[in-house]
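Undergrad: what would the 3D arrangement of this be:
(2 chains)
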Amino acid sequence: MSSAAGPDPSEAPEERHFLSTAEAAALERELLEDYRFGRQQLVELCGHASAVAVTKRTVLVVCGPEQNGAVGLVCARHLRVFEYEPTIFYPTRSLDLLHRDLTTQCEKMDIPFLSYLPTEVQLINEAYGLVVDAVLGPGVEPGEVGGPCTRALATLKLLSIPLVSLDIPSGWDAETGSDSEDGLRPDVLVSLAAPKRCAGRFSGRHHFVAGRFVPDDVRRKFALRLPGYTGTDCVAAL
Amino acid sequence: MSRLRALLGLGLLVAGSRVPRIKSQTIACRSGPTWWGPQRLNSGGRWDSEVMASTVVKYLSQEEAQAVDQELFNEYQFSVDQLMELAGLSCATAIAKAYPPTSMSRSPPTVLVICGPGNNGGDGLVCARHLKLFGYEPTIYYPKRPNKPLFTALVTQCQKMDIPFLGEMPAEPMTIDELYELVVDAIFGFSFKGDVREPFHSILSVLKGLTVPIASIDIPSGAGIQKVGWGRLGPYPPDSCPHQV
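TA: Prediction:
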């Protein structure tokens, strides 16, 4: 990918960079079924890469009950390893083994779990340097995640400290990015594996793709054109 | 910290387990001679106190290494898959720092990864995959494969990424020197005990004759980690990539 040249004007932007929700699911299926990656491996690689995008010391990581939340738990652990000060808000806990083990790892590493998120956003602005939104991934309806997560998202809309969203800004439609006006306005977006269509509407400062682990053949199969990664970096800036 | 205290005052925090955070590896160094590399051995194998003052790193005995592993699995509920992925990624990163692609002759640089029959071999498989993603051209030799889903999955991931698996080990060191710029030794790890069985005994003999550098995962294979004075596996001190998260 030439970083000097701009986008090819004859190519529609959404074909250049982004995946539809169906394609994203198909890409994940390919990694799980054809490449025999385990879900644990992929979540670990995504969470580790997401932590690289954080630059403030005190971080609140808000985790939903599905895969996005699992990535958030991994991210929080790596933030601790990187010597940041993460705190987790994980109100609706998944019962599956992967989530339970990831939670144990965070607890054992002395990462505090909030029992309650203040609705007064100023308290959050004052307590933390940055918030990581790991609530909703593509294909998960806001209504599926329960009251506390929904209320948390309402509070995060009013945040004045930076917000880093994992994969998609929670609550955005993954295809159209609708609700991107009324919804979360992240400062940083970390697309996992590859950007989703709604990322076209992202207007924050930095968009990273955490997809170093995606094999070249899979990238070619989905006709993804993404910037190259330098050195041993696990994220690339778009 | 005062901001967190403010939240604490509001009774919002639920305590996690109060494991004290260790900022750096602190504990006193192991007494006795070391097995690091030529420069240490040339100093007579004695404990160089000046060196120790500047590098406060603890080296683990086999029992301690096994105890760390057990703690990670039992207390922290890490899975083998997780730790192996992190270990292999860390090793590939270390290798890329020690032998950057730009410093190598070929483009992409060719690397032979030799994987043993246990977890060290699994680390090697993960490492090879990440080396490919970092722009190297790895080839794997994996003669003894455990019949477990974790390992068969790792092999599939490598195969799908077009990483070739050799059918047999080149018999002559010179052959390896000509084909590969670096060898990754992922044969035996810290839990290795006893005698080296074939085919690994022959493999280690070949590796001893190499002129290209060898990067060993965790420990140089065949070196008893309690002992001193092992035969060098290669002309450069091995890179060790410990199993630490």
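
Undergrad: the closest residue to residue A:131 other than its chain neighbours: neighbouring residues, count only.
TA: For residue A:131, ignoring the flanking residues on the chain, the nearest one in space by CB to CB, 6 or more residues apart in numbering or on different chains is residue A:60 at 4.7 Å. Any C-beta I mention is one placed from the backbone N, CA and C, and that applies to glycine too. Residue A:60 has 26 neighbouring residues, counting by other CB atoms under 10 Å in any protein chain shown.

Undergrad: check residue A:228 too.
TA: Residue A:228 has 10 neighbouring residues, counting by other CB under 10 Å.

Undergrad: same check on residue A:165?
TA: Residues near residue A:165, counting by other CB under 10 Å: 29.

Undergrad: mind showing which ranges of chain B have poor pLDDT?
TA: Low-confidence segments of chain B, defined by pLDDT under 70, are located at B:1-55, B:223-245.

Undergrad: circling back to that earlier point, in contact with the residue nearest to residue A:131, which residues are there?
TA: Under the criterion of CB atoms under 8 Å, 6 or more residues apart in numbering or on different chains, the neighbours of residue A:60 are A:86, A:87, A:88, A:89, A:114, A:124, A:127, A:128, A:130, A:131, A:132.

Undergrad: am I right that the last one is in a strand?
TA: The reference is to residue A:132. Yes: applying DSSP: H, G, I helix; E, B strand; the rest coil, one finds residue A:132 inside a strand.

Undergrad: what's across from it in the sheet?
TA: residue A:61, residue A:164 (DSSP bridges).

Undergrad: which one is the residue most central in space within chain A nearest to, not counting chain neighbours?
TA: Nearest to the mean C-alpha position of chain A, counting by CA atoms, centre = their mean, stands residue A:166 at 1.1 Å. Of all residues not flanking residue A:166 in the chain, residue A:134 sits nearest, at 4.7 Å (CB to CB, 6+ apart).

Undergrad: leaving out chain neighbours, which residue sits closest to residue B:145?
TA: Sequence neighbours aside, residue B:151 is the residue nearest to residue B:145 in space, at 6.0 Å (criterion: CB to CB, 6+ apart).

Undergrad: near chain A at all, the helix or strand hosting residue B:132?
TA: Here residue B:132, judged by DSSP states H and E, is contained in helix B:119-133. Yes: if you take CB under 8 Å from any CB of the partner chain as the test, helix B:119-133 does meet chain A, through B:130, B:133.

Undergrad: where does chain A dip in pLDDT?
TA: By pLDDT under 70, the low-scoring segments of chain A are A:1-16, A:179-181.

Undergrad: check which helices and strands the helix holding residue B:132 sits against.
TA: With contacts defined as 3 or more CB pairs under 8 Å, 6 or more residues apart in numbering or on different chains; DSSP states H and E, helix B:119-133 has these neighbours: helix B:80-98, strand B:110-115, strand B:137-141, helix B:149-160, strand B:182-186.

Undergrad: can I get these in CSV including mean neighbour count?
TA: Below are the helices and strands packed on helix B:119-133 laid out as CSV (neighbours: other CB atoms under 10 Å in any protein chain shown):
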stretch, mean neighbour count
helix B:80-98, 21
strand B:110-115, 26
strand B:137-141, 21
helix B:149-160, 19
strand B:182-186, 27
